[in-house]
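> Sequence and computational prediction follow.
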Amino acid sequence: RTIGAVPLMVGSLVINAATILLLAAFRDIAAWFALRVVMGATIGALFAVSEAWINQVAATASRGRTASVYIIVATAGLASGPLVIPLVGIEGWTPFVVAFAFVVLAAVPLLWAWPLAPDFGQAPAIRAWAFLRTAPRLMAAVALVGIFFGTVEALLPVYGVKEGMALTGAVAMLSVVVIGNMVLLYPLGWLADRLAPGPIMLLCGAILLAGSAALPFVTDTPILLWPVLLIWGGAAGGLYAVAMTVLGRRYSGTDLVAGAAAFTIFYGIGSLAGPALSGGAMD
């Protein structure tokens, strides 16, 4: 509200880039924990503002598809980041400098788009935590997606290895989930623009549950495992995209920013709780 969308996003990127270099400078685990908290805060700000911005400017008739493209791009970034590690290694300053360069480059299109940024100058009528009361199903959906992706990213390869899979195959399971998220998102966004969102969200949630229940029975059968993982990942991303679409239909202005912040909060809660609960269950 005070400094505007683009200055906040550029400032977050600058701080994020600085923390990356400080990670290289301080090889102390306590310092790394503190820096990671700062890094997480900047990433949360970027997600909240960018989702509010996209929802504010998206046309009503294509909001679901717009949200799906946004999530596809974000997923592509998350999937491609680890691919840099084999190229630059993990020793010395090189991986940190490369990561720093990527973050700095991300600020360039923001500077170009500055005149197009929506105005979020008014005080919000709804605070972020109040969305738990005013939109409980959306918050539950986002938390469920956080639980899913937090657990899958942290533990799916571990689960595969414990089930007797080779490490390459176990890691490939995670890749297939990410591919499913990217491939199936746009069709689900298209459906969200044409159908009531409630049934689509229920369908995606049911697929998440069904995939979880089916996984132990298909792990040893690749012809069944890979399609299950593909659809599983698509359903998770679709649930988030449809929830984001509903948020944009219901709210605008700074209430939309508060709603996007609430999405970030509840996704974070889910992604923290998921691995802890699932890891305990696996043990």
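Everything's here; your move.
> Quick check, pLDDT for Val218.
Val218 is assigned a predicted lDDT (pLDDT) of 93.
> same question but for Glu91, I mixed them up
You'll see Glu91 listed with a pLDDT of 86.
> Repeat that for Ala141.
pLDDT, Ala141: 94.
> Leaving out the residues flanking it, which one is nearest to it?
Once flanking residues are discounted, Ala141 sits nearest to Ala243: 4.5 Å by Cβ to Cβ, 6 or more residues apart in numbering. Any C-beta I mention is one placed from the backbone N, CA and C, and that applies to glycine too.
> do you know how far that neighbour is from Ser80?
According to Cβ to Cβ, to the nearest Å, Ala243 stands 25 Å off from Ser80.
> From what I see, Asn181 and Val73 are in contact.
No. Proximity of Asn181 to Val73 does not meet the contact threshold set by Cβ atoms under 8 Å, at 11.7 Å.
> Just want to know which of these two has more residues nearby.
Asn181 (28 against 11; other Cβ atoms under 10 Å).
> how about Ser175, what does it touch?
Ala79 (Cβ atoms under 8 Å, 6 or more residues apart in numbering).
> Mind doing that once more with 10 Å?
Residues in contact with Ser175, defined by Cβ atoms under 10 Å, 6 or more residues apart in numbering, are 79, 82, 157, 229, 233.
> Look up how far Ile90 lies from the second one.
To tie it back to what came earlier, the one meant is Pro82. Pro82 is 11 Å from Ile90, where distance means Cβ to Cβ.
> Please, which helix or strand holds the spatially closest residue to Val38 that is not a sequence neighbour?
Excluding the flanking residues, the one nearest Val38 by Cβ to Cβ, 6+ apart is Thr19, at 5.3 Å. Assigned by DSSP states H and E, Thr19 falls within helix 5-25.
> just checking, what packs against that helix?
Packing contacts for helix 5-25, counted by 3 or more Cβ pairs under 10 Å, 6 or more residues apart in numbering; DSSP states H and E, involve helix 29-57, helix 94-113.
> returning to that earlier point: top of the contacts of Ser175 by number of neighbours, please.
Going by other Cβ under 10 Å, Gly233 tops those with 28 neighbours.
> For it, list the residues it contacts.
Gly233 sits next to 75, 148-149, 152, 174-185, 208, 211 when contact means Cβ under 10 Å, 6+ apart.
> if we can go back for a sec, out of Ala243 and Ser80, which sits in the busier spot?
Neighbour tally, Ala243 and Ser80, criterion other Cβ under 10 Å: the higher count belongs to Ala243, 28 against 10.
> element containing that one?
Counting by DSSP H and E, Ala243 is found in helix 222-250.
> Can you name the next helix or strand after that helix?
Taking DSSP H and E, what comes next after helix 222-250 is helix 253-282.
> Now the helix holding Thr19: buried residues?
5-6, 8-10, 12-13, 16-20, 22-23 (16 or more other Cβ atoms under 10 Å).
> ok, of the contacts of Gly233, which come out buried?
75, 148-149, 152, 174, 176-182, 184-185, 208, 211.
> In helices only, show me those.
75, 148-149, 152, 174, 176-182, 184-185, 208, 211 (DSSP state H).
> Look up how far Asp193 lies from the residue lying closest to Ala236 once chain neighbours are set aside.
Excluding its sequence neighbours, the residue lying closest to Ala236 (Cβ to Cβ, 6+ apart) is Phe148, at 4.7 Å. Distance from Phe148 to Asp193, counting by Cβ to Cβ: 24 Å.
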